[in-house]
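Novice: Attaching a predicted model along with its sequence, questions to come.
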Amino acid sequence: MGNRVAIVTNSGGPGILAADKAERLGLEVAPPPPSLKKSLESHVSPHASLENPFDLTVESGYQEYRMALEGALSEYDAAIVINVATPYLDSIAIARGVIDAARAIRKPVVTNFMAGRIVREAVQLLEKEGLLNLATGERCAFVLSKLFERKRLLERIPFASFD
């Protein structure tokens, strides 16, 4: 496992903040290959930005998050998922899309579902399914950087197995 991180979001600002922090912490937030962008085009809003961060826009729900996250995890080592909720978004459905993608690909995923009470049930669902939800995308980047750091240290210790 390398240190390539995908950021899947519905809001560009928090995605960029998470990407900037991830890069400062030594994580690689590389652009996706053209093949991934092409495969996702028909599954997301025409207004979406399929760079990294993958900005799905607030038009996105279960299907868009699931497809984007599965696609991203097929190319990257881990992902940060950000949902800036509004009252008209179904954050529970978005959480289910994230959970289903994380189960399908089995790589580290850290979430930032924000807006307090609006996302309370979605956060409870994420946590029940074993996904960590943090207050900001920047904190998600910090946690992933520590996870990668731990892995690198363990690789340097002969015969180490703490799994």
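Specialist: Arrived safely, thanks for sending.
Novice: Next one: A122 relative to N52, how far apart?
Specialist: 24 Å (CB to CB, to the nearest Å). Every C-beta, even on glycine, is put in place using the N, C-alpha and C of the backbone.
Novice: which residues in the protein form helices?
Specialist: Ranges of helices in the chain, per DSSP state H, are 12-24, 34-41, 62-75, 91-105, 120-128, 137-156.
Novice: would a markdown table of those with distance to A85, mean neighbour count and mean pLDDT be doable?
Specialist: What follows is the helices of the chain, written out as a markdown table (distance: least, CB to CB, whole Å; neighbours: other CB atoms under 10 Å; pLDDT from 0 to 100):
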| stretch | distance to A85 | mean neighbour count | mean pLDDT |
| --- | --- | --- | --- |
| helix 12-24 | 12 | 19 | 98 |
| helix 34-41 | 22 | 14 | 96 |
| helix 62-75 | 12 | 21 | 97 |
| helix 91-105 | 5 | 21 | 97 |
| helix 120-128 | 8 | 17 | 97 |
| helix 137-156 | 14 | 17 | 92 |
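Novice: wait, which of the ones you listed is closest to N112?
Specialist: N112 sits nearest to helix 137-156 of all the helices of the chain, at 4.8 Å, using CB to CB.
Novice: who touches the closest one?
Specialist: Under the criterion CB atoms under 8 Å, 6 or more residues apart in numbering, residues 1-3, 5, 7, 9, 14-15, 17-18, 21-22, 25-27, 77-78, 80, 82, 108, 110-112, 132, 134, 160, 162 lie in contact with helix 137-156.
Novice: repeat that for 6 Å
Specialist: Helix 137-156 is contacted from outside by 3, 5, 14, 17-18, 21-22, 25, 27, 78, 80, 82, 110, 112, 134, 160, using CB atoms under 6 Å, 6 or more residues apart in numbering.
Novice: quick check: angle from that helix to helix 12-24?
Specialist: Using axes from the mean of the first three to the mean of the last three CA atoms, to 10 degrees, the inter-axis angle of helix 137-156 relative to helix 12-24 is 30 degrees.
Novice: Now helix 137-156 - C-alpha only, CSV.
Specialist: Extracted in CSV, the C-alpha atoms of helix 137-156 (Å, rounded to 0.1, in the frame of the first residue of the first chain):
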residue,chain,number,x,y,z
GLY,A,137,-11.2,16.8,5.9
GLU,A,138,-7.8,18.1,7.2
ARG,A,139,-8.1,15.8,10.3
CYS,A,140,-8.9,12.9,7.9
ALA,A,141,-5.7,13.7,6.1
PHE,A,142,-3.8,13.7,9.4
VAL,A,143,-5.2,10.2,10.3
LEU,A,144,-4.3,8.7,7.0
SER,A,145,-0.8,10.2,7.2
LYS,A,146,-0.3,8.5,10.5
LEU,A,147,-1.7,5.2,9.1
PHE,A,148,0.8,5.3,6.2
GLU,A,149,3.6,6.2,8.6
ARG,A,150,2.8,3.2,10.8
LYS,A,151,2.8,0.9,7.8
ARG,A,152,6.2,2.2,6.7
LEU,A,153,7.6,1.7,10.1
LEU,A,154,6.3,-1.9,10.3
GLU,A,155,7.8,-2.7,6.9
ARG,A,156,11.2,-1.7,8.3
